[in-house]
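Trainee: would you be able to build a 3D model of this:
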Amino acid sequence: MRKLALALLIAACTASPASAKVTTDADPAANFSAYKTYYWAMKPEGGSPLMQQRIVDSVNARLQAKGWTLAADKGDVAVAAHVSTSEKQSLDTFYTGGPMGGWGWRGWGGMGMGSATTTVHSYAVGTLIVDMFDARTQQAVWRGTATGTLPSSPDKATKTLNKDLDKMFAKFPPGSAPAR
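Mentor: Below you'll find the predicted structure:
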């Protein structure tokens, strides 16, 4: 039974993709209760235009769920989103054979031959940064960042985006999280 439980745990850990690292930072002097409206100062650029629109729609949904309103022109807060991707590589090396050989007189003939096989895994890492600025003072008031391995399909990418934005906006605006 223990072996089965261990096997299931290992399978679950290897089957699920690593979650993104999500961080937020806020200006402690910013009065978030005074902010009611926002506008997009800069929408995400680069990559797929469809994913750019998904980012805008997802951020809009979270801000509007917090009671903020998207302004037609200028609002209390300017929102900007930045997306970057980079290719990363990991190397896995598997060694076979051993340092001691098994040939010669009674198996003591000297060093044996071993081999190493190295596999290179390439993967894309993406970072989404959402910045907010007080429109009147033009000072930064909030930043959310999500960094993680990019899924290969659009459906998985959208699910990952929504999960990461849920984490990013869980305690937004600052000071609004329920006490535990």
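Trainee: bridging residues for T149?
Mentor: With DSSP bridges as the criterion, T149 is bridged to V125.
Trainee: typo on my end, it should be K88
Mentor: Y123.
Trainee: distance of it from G148?
Mentor: The spacing between K88 and G148, counted by CB to CB, to the nearest Å, is 11 Å. Quick note: C-beta positions are derived from backbone N, CA and C, even for glycine.
Trainee: now swap in F169 and tell me
Mentor: F169 is 16 Å from G148, by CB to CB.
Trainee: how many other residues sit next to V125?
Mentor: Here the count is done by other CB atoms under 10 Å, and V125 has 14 residues near it.
Trainee: could you do W68 as well?
Mentor: Neighbours of W68 under the rule other CB under 10 Å: 21.
Trainee: dig out what the closest residue to it other than its chain neighbours forms beta bridges with.
Mentor: Closest residue in space to W68, ignoring its immediate chain neighbours: Y38 at 5.4 Å, by CB to CB, 6 or more residues apart in numbering. According to DSSP bridges, the residues that bridge with Y38 are L70, V77.
Trainee: list the contacts of Y38.
Mentor: With contact set as CB atoms under 8 Å, 6 or more residues apart in numbering, Y38 has these partners: L63, W68, T69, L70, A71, G75, D76, V77, A78, V79, M132.
Trainee: how far away is the last one from G114?
Mentor: As defined by CB to CB, M132 lies at a distance of 56 Å from G114.
Trainee: out of these two, which sits in the more crowded spot?
Mentor: Taking other CB under 10 Å, M132 and G114 do not tie; M132 has more neighbours (25 against 12).
Trainee: now do that one, the pLDDT please.
Mentor: At M132, the pLDDT value in this model is 98.
Trainee: do the same with H82
Mentor: Predicted confidence (pLDDT) for H82: 92.
Trainee: need the contact list for it.
Mentor: Going by CB under 8 Å, 6+ apart, H82 touches M42, P44, E45, T127, L128, I129, D131.
Trainee: from memory the first one sits against A80, does it?
Mentor: Looking back up the chat, that one is M42. Yes. Taking contacts as CB atoms under 8 Å, M42 lies within contact range of A80: 4.0 Å.
Trainee: neighbour-wise, which of those two wins?
Mentor: For M42 versus A80, the count of surrounding residues by other CB under 10 Å is larger for A80: 16 against 11.
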